[in-house]
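Participant: here's my sequence, what's the structure:
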Amino acid sequence: MAKLPRMPGFERMMLYRTARTLARLTVRDLAAQADVSTATITKLENGGELKPATLRKIRGVLEQNGVEFVPHRTWDEWVQPKFEGA
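Facilitator: Predicted coordinates:
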């Protein structure tokens, strides 16, 4: 599995809030599917750091719901909708 990038809180907040929006999931939906608390999702979306294993679970759910994490010129990575056939 790829190494998770370390990023400042603001970037983390924008990345995961945008990813959840692209996946069309509520905080409750994402938390339930990732088997974490809503407080954990809120912490992440407010720029807090999580344990790598927890972050991987959340990213996995987002990816299963059509989000792709991609390299970005300015930030370490960004998100976009997963394109069919990609």
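
Participant: low-scoring stretches of this protein, by residue?
Facilitator: 1-10, 72-76, 85-86 (pLDDT under 70).

Participant: grab the most central residue of it for me.
Facilitator: Tyr16 (3.9 Å; CA atoms, centre = their mean).

Participant: ok now the helix or strand where that residue lies, how far from the chain's centre?
Facilitator: Using DSSP states H and E, the element containing Tyr16 is helix 9-22. Averaging C-alpha positions (CA atoms, centre = their mean, to the nearest Å) puts helix 9-22 6 Å from its chain's average.

Participant: check stretch 44-51 too.
Facilitator: Per CA atoms, centre = their mean, the centroid offset for stretch 44-51 relative to its chain is 10 Å.

Participant: now do the helix or strand following the helix holding Tyr16 against helix 9-22, angle only.
Facilitator: Once helix 9-22 ends, the next helix or strand along the chain (criterion: DSSP H and E) is helix 27-34. Per axes from the mean of the first three to the mean of the last three CA atoms, to 10 degrees, the angle that helix 27-34 makes with helix 9-22 is 90 degrees.

Participant: ok now helix 27-34, how far from the chain's centre?
Facilitator: 12 Å.
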